[in-house]
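K.L.:
From the sequence below, what's the structure:
(chains A and B)
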Amino acid sequence: MPAFSTELLVIGGGATGLGVAWDACLRGIKVLLVDQSDLGQGTSGRYHGLLHSGGRYVVSDPASARDCAHENEILRRLAPSTIEDTGGLFVSAPADPAEFPDRWLAACRETGVSAEEVSVPQAVQREPLLNPALRRAFRVRDASLDSFDLLHLLASSIRSAGGQVWLRHKVKSLLLDGGAVIGAEVVDRSNGESKRIGAQVVVNAAGPWAKGIASLAHVDLPIALGRGAMIAMASRLVNTVVNRCKPPSDGDILVPVGTVCILGTTDEAVRSPDDMTIAPWEIDLLLAEAEVLVPGIAAHRALRAWSGIRPLYRPAPSKGAETRDLPRAHTILDHAATHGVPGLVSVIGGKLSTFRLMAEEVMRTVAPKLGAPSICATARTPLEPPGRAYHRLPRRLDRVEHPTSAAPASVICECELVTRSDLEAALRSAESADLDDLRRDLRLGMGPCQAAFCAYRAAGMAVRAFPTSAPDGGLCDFLQERWRGLRPLAWGHTLRQLEFSRRIATELLGLPGTGDGS
Amino acid sequence: MIDLLVIGAGLTGLFASWLAARRGARTMLIAYGRGGLELSNGCLAVAAGASPRLAVQRSKRPHPYALIGVATVERALDSLLTLLDGDGLPYAGSLDANLILPTASGRTIASAFAPAALASAALNSKQPLTIAGFTGFRDFDSALAARVLGAGLQRSVASVDLPLPGPNPRRDQYATDLARQFEDAAWRETAVRAWRPSLVGTSLLGMPATLGLRLHQSVWQDLQDKLELPLFEIPTLPPCLPGLRLEWVLRQACQREGVDFLEGARAVGRVERRPSRARVAGAVAMAAGGPQAFDAGAVVLASGDFLHGGLVGRQNGLVQESVFDLPVVHHSDRSTWVSPHAGDTQPYASYGLRVDASMRPLDPGGQPMFPNLFAAGGVIAGARRAEEGSRQGIALGTALCAVEAALA
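P.N.:
Residues are numbered from 1 along each chain as shown, chains lettered A, B, ... in the order given. Just a heads-up that it's a prediction; the model follows:
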């Protein structure tokens, strides 16, 4: 079995794991990160796209609110191209608790979360589809953050700083030596090959899968999993993040992300980190709650639904509490101290908005073990060349409309304006031809037609770039993933879209579902 | 006064209108969209399996085939095939065996009848096979098609990308753009000259279905002559030329027979309720310039399924028929409509109207809703068209049955 060695092994390619690896790189630590599938395939890639102002937590969790407000400003400096500065509103609906907004505003003042009351007509002028019967409105520093862009930026920064990121490597076992963790055995899922990685410290940042990783060292992590459903509407509908100004509950936020608007979210306790089902009541509830903020929204076209799993630290005493009431703040466990297992540190919970801070705290525990510098540099080291502006929606259109070369751009995915050269470049740097990875990288197939056309085109390109890829270039698997997102919303326009996609797949392309498909 | 009002401009509506007008009925066709034929591969699939005829004969109620019988299906096909043949778009095939045809993904589909250019695929020929694509044309990939087709046939299939002559287009080309270029003889000449070196040693060539629209037959023949190769077509992503050619012939035939077209108008059904009996009076066309009412002796509803707007699913679990609000066979729990896997049987796909042997939609008690309202095609319940490979057989057979009952 091939053997590798590193100082720090990070398990999990979400924001937390990548943040830890990046922080370690800046301290001069030799780092290797593994993920069982792709960057952001777990919780980080399945969120609603919000860069928190902190407003959501000022009443329920003031410490988190402070962290959010602080990290929000830092991230705007570190990775502006991944952020769209939409601004945010907290609005109070007629049926919401009338006394809450004053309490909320006072809590904002106490926690240093910037909030400014605006009149409802002013709010409606800014967002014309908002319910004019709202009671009160406040402006906050919310923004939308493309997590796929952020994760890719982190991974490329890590790689250029000398760190390694191995995707599609699943941890099979932790290497133990007299009770201490000294590395891991991983399986390369692209070819089934096992590899042995020796490490002085292993950081378990596997999110909802962290319990499973810890159990490999016989450590029982008390983790509760809360599943949240989200819906992407086919158009932006609002240009500002809109939050309900009331205690946290289901369906209390609308986030404009790229060309869509995301309705979030629900909270269901689940047992398995792979339980991504969405119940009809969750969809109905999200639409009904959004209707309070934007009357008529349910008549607009819904694009796709998905769910993400929040891993939350739940030590024994709060057993039985609803997952939403658990603190959202993160927990770092040095298992040398907690379970007598040296060499393993777990990080659980937290939010995408505070990933950098979590990583800094993890490294505060890990750096001394490796004799590395105690000073964290992530807050002052941009992830991209300075001077790049905030993410701007029309950038892709601009590139297609004003090509730099004589030949006009060939557009493979019309909905998301993914060009042939985008795809070719991504395939050149990809380790495998997984269309779902290309989707996360480029937004391929994420628009209104949900890959009805581009799946076929991209599969052809994948076959050309990777002669060893699946015979159909991953076409059927990719279409099945899109199907999964359309299914919970299958009525009206979305049912029509779903049938359109199926008609092309079965009757024009002969994919399974037809009588004689061979 | 119109004898027959047909609602819908897909294969069903166009075929029904042509049949009715040819029998001397004053026929009008109202359609909101342009019909589904640009999404169609142009094939006339009747049933998958060894013998389409046997599959139709063995169908059980409530399958529409069990209501109309194989003789009606065969008569419908015969009249359409005769029309196509006479109008220069000959089809090949038979009701007794399926043609096996390659697709752009390299997998195959089965169809009783197919346009000659598709049917000559001759997958069982032992000749070495080459699949050609066009450089930069997104909607057909020769490498993917050749790879999957080769794996299915268990022999090697070559692929080649041919350059498209002329200056760089200002945007991506669709199959319809290429079809227009193929109809230009000078362009074809240039193309063939550019392609010859890449095709040395090729003995059988498959190409994306882009070889002309109205002049298809002569374009196809001319290319085979110039390349000195047998050549067949494989349907592309939409817009799909074989379906558009079929549409063109049917529209020409309808116009020849004097069918009145009112397009871009949403039809709303009109019902006349008399004390003795209720009947359909016609429809109101919601057209530019305002609603316009049309009286008709009978109506054939060929408005299609969910894809074409004939059926609409609602968030509350209701499925509605969009013109007359007829009762639709469906499950009232919307979470059961769609299967978790795209490749599985989809319950929603067989929802639709329950009809009698004359294609009259029935009320929940099993009685015809109206004596002079008939349904045809995708709006009818009880068939799993994708899995059965029965879409066009049902469309044509029910259209003939409905028209004959309506004009009786």
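K.L.:
which residues does residue 341 contact?
P.N.:
By default, I'm working from chain A. Residues in contact with residue A:341 (C-beta atoms under 8 Å, 6 or more residues apart in numbering or on different chains) are A:179, A:180, A:181, A:217, A:218, A:219, A:335. Every C-beta, even on glycine, is put in place using the N, C-alpha and C of the backbone.
K.L.:
Wait, chain B was what I had in mind.
P.N.:
A:480, A:483.
K.L.:
now swap in residue A:298 and tell me
P.N.:
So residue A:298 contacts A:287, A:288, A:290, A:291, B:315 (C-beta under 8 Å, 6+ apart).
K.L.:
next one: residue A:200
P.N.:
Contacts of residue A:200 (C-beta under 8 Å, 6+ apart): A:7, A:8, A:182, A:343, A:369, A:370.
K.L.:
Would you mind listing the buried residues in whichever strand or helix holds it?
P.N.:
Element membership for residue A:200 (DSSP states H and E) is strand A:193-204. By neighbour count on 16 or more other C-beta atoms under 10 Å in any protein chain shown, the buried set for strand A:193-204 is A:195, A:197, A:199, A:200, A:201, A:202, A:203, A:204.
K.L.:
Tell me how far it lies from the chain's centre.
P.N.:
25 Å (C-alpha atoms, centre = their mean, to the nearest Å).
K.L.:
What average pLDDT does stretch A:404-423 get?
P.N.:
The average pLDDT for stretch A:404-423 rounds to 87.
K.L.:
and that stretch, how far from the chain's centre?
P.N.:
That offset, for stretch A:404-423, works out to 26 Å (C-alpha atoms, centre = their mean).
K.L.:
Double-check residue B:93 against residue B:114; I have them as touching.
P.N.:
Yes - contact criterion C-beta atoms under 8 Å: residue B:93 and residue B:114 qualify, at 5.8 Å.
K.L.:
Of those two, which one has the most company?
P.N.:
residue B:114 (27 against 24; other C-beta atoms under 10 Å in any protein chain shown).
K.L.:
thinking again about what came up before, hmm, which of the contacts of residue A:341 are the buried ones?
P.N.:
Looks like the contacts of residue A:341 have A:181, A:217, A:219, A:335 buried, using 16+ other C-beta under 10 Å.
K.L.:
before we move on, back to that, okay, and the common contacts of residue B:93 and residue B:114?
P.N.:
Common neighbours of residue B:93 and residue B:114 (C-beta under 8 Å, 6+ apart) are B:44, B:99.
K.L.:
picking that back up, got TSV for the contacts of residue A:200, with neighbour count, pLDDT and secondary structure too?
P.N.:
Listed next are the contacts of residue A:200 as TSV, based on neighbours: other C-beta atoms under 10 Å in any protein chain shown; pLDDT from 0 to 100; DSSP: H, G, I helix; E, B strand; the rest coil:
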residue	neighbour count	pLDDT	secondary structure
A:7	19	98	strand
A:8	28	98	strand
A:182	20	97	strand
A:343	23	97	coil
A:369	16	97	helix
A:370	18	97	helix
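K.L.:
Thought residue B:38 was touching residue B:239, still the case?
P.N.:
Yes - Residue B:239 is within contact range of residue B:38, at 4.5 Å (criterion: C-beta under 8 Å).
K.L.:
List the backbone torsions phi and psi for residue A:40.
P.N.:
phi 70, psi 20 (degrees, to the nearest 10).
K.L.:
Kindly report the same for residue B:91.
P.N.:
According to degrees, to the nearest 10, residue B:91 has phi -110, psi 160.
K.L.:
what pairs with it across the strands?
P.N.:
Here residue B:91 sits in beta bridges with residue B:115, as judged by DSSP bridges.
K.L.:
gap between residue A:7 and chain B?
P.N.:
44 Å (C-beta to the nearest C-beta, to the nearest Å).
K.L.:
give the contact list for that residue.
P.N.:
By C-beta under 8 Å, 6+ apart, the neighbours of residue A:7 are A:24, A:29, A:30, A:31, A:199, A:200, A:201, A:370.
K.L.:
Could you count how many residues lie near the fourth one?
P.N.:
Yep, that's residue A:31 we're talking about. Neighbour tally, residue A:31, other C-beta under 10 Å: 27.
K.L.:
coming back round to it: mind giving me TSV with the contacts of residue A:200 and columns for distance to residue A:96?
P.N.:
Below are the contacts of residue A:200 laid out as TSV (distance: C-beta to C-beta, whole Å):
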residue	distance to residue A:96
A:7	51
A:8	47
A:182	54
A:343	49
A:369	48
A:370	50
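K.L.:
quick one: which of these is nearest chain B?
P.N.:
residue A:8 (40.2 Å; C-beta to the nearest C-beta).
K.L.:
Pull the contacting residues for the closest one.
P.N.:
A:20-21, A:24, A:29-32, A:199-203, A:366, A:370.
K.L.:
Take the contacts of residue A:341 and keep only those in strands.
P.N.:
A:180, A:181 (DSSP state E).
K.L.:
Pick out the residue of the stretch 101-250 of chain B closest to chain A.
P.N.:
For the stretch 101-250 of chain B, C-beta to the nearest C-beta, closest residue to chain A: residue B:141, 2.8 Å.
K.L.:
Ignoring the adjacent residues along the chain, who's closest to that residue?
P.N.:
Spatial nearest neighbour of residue B:141, excluding adjacent residues (C-beta to C-beta, 6 or more residues apart in numbering or on different chains): residue A:460 at 2.8 Å.
K.L.:
looking at this, that neighbour is in a helix?
P.N.:
Yes - assessed with DSSP: H, G, I helix; E, B strand; the rest coil, residue A:460 lies in a helix.
K.L.:
Low-confidence ranges, the chain, go.
P.N.:
All of this is about chain A. Across chain A, the ranges flagged by pLDDT under 70 are A:317-328, A:387, A:393, A:513-518.
K.L.:
Correction: the question concerned chain B.
P.N.:
B:121-122, B:124.
K.L.:
So which bits of the lengthiest helix in it are buried?
P.N.:
What stands out as the longest helix in chain B, according to DSSP state H, is helix B:64-86. By neighbour count with 16+ other C-beta under 10 Å, helix B:64-86 contains the buried residues B:64-65, B:67-70, B:72-77, B:79-81, B:83-84.
K.L.:
Thank you kindly, that will do.
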